[in-house]
Structures are given as structure tokens and as C-alpha cells.
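Enquirer: Build me a model from this:
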Amino acid sequence: QAQLIESGGGLVQAGGSLRLSCAASPRHFRFMDMAWFRQAPGKEREFVAAISFTGNTRYAESLRGRTTISRDNANHTWYLQVNDLIPEDTAVYYCASGGNFRAPAPRTFPNWGRGTQVTVSS
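Expert: Predicted structure coming up:
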């Protein structure tokens, strides 16, 4: 059973924006680093952005400048804002918690959501 629940995906035209949400139980949120990953068909899961439990952030170089990661401690929710979407952003976006903010590889994160589909049309 997924410990995290993503939402906010959908179909959007190129140039548009989306804000993805990741809701967690307190146990999977408090004092945890968190990251967003994405996986396009036929490709490996790749890092998008991460945020530490203290609020430090890091981004994949390919997405820097178009993405903003944030956290709402009161509501145990993380967010990912993606602007200026391009067709290459089409993927399933996953959130994960409990891993290593300084080395955000998928294998280091034990808690995952089921993913939310983002499709960008040209």
C-alpha cells in the first residue's frame, strides 16, 4: 500500500504549468527529506527535485529554473510546481520520502506514492 498520495497531474499544453501535490501521513512526513522523481515510457526513473525537512532544496539541472519544490508542514504535504512545460516532461511523477536529500537516488527512498500522470501536448 502506498504511503504517499500524489495528485495534480493531467493533460496540459506545452508552455503551461502544473502544481503537483504529495500528501503524507505524519509518520511519513515529519523530519523526512522528500523528493520528486519522474519516469517516461521506456526510460529509467529520474530525479526531479528534493527538499530536506529543514527546507533546503535541490533540483535536476535539466529542470532548474522551471521547477519549485515546497512543503507545507501543517498539512503534511509537499508540492512541485512545473512551469513552461514541454512534451519531454511527459511522464509519471512520483513522490518519495525518507531518503537522502544529499544523494537523491530512488533506491535511497523507502516511502513512495503510486504516481500521477503528466502529459504535455505540443
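Enquirer: ok, residues contacting the worst-scoring helix or strand of the chain on mean pLDDT?
Expert: Sorting the helices and strands of the chain by mean pLDDT, DSSP states H and E puts helix 26-29 at the bottom, at a mean of 85. With C-beta atoms under 8 Å, 6 or more residues apart in numbering as the test, helix 26-29 has contacts from Gln3, Leu4, Asn73, His76, Ser97, Gly98, Asn111. From N, CA and C alone the C-beta is placed, and that goes for glycine too.
Enquirer: now swap in stretch 70-90 and tell me
Expert: Outside of stretch 70-90, the residues within contact range by C-beta under 8 Å, 6+ apart are 12-26, 29-30, 34, 36, 38, 40, 48-49, 51, 55, 63, 66-69, 93, 95, 97, 118-122.
Enquirer: Show the buried residues in those residues.
Expert: 12, 18, 20-24, 29, 34, 36, 38, 48-49, 51, 63, 67, 69, 93, 95, 97, 118, 120 (16 or more other C-beta atoms under 10 Å).
Enquirer: Just the residues you listed: which are in strands?
Expert: Under the assignment DSSP state E, the buried ones among the contacts of stretch 70-90 contribute 12, 18, 20-24, 34, 36, 38, 48-49, 51, 67, 69, 93, 95, 97, 118, 120 to strands.
Enquirer: Low-confidence ranges, the protein, go.
Expert: Judged by pLDDT under 70, the chain has its weakly predicted residues at 1.
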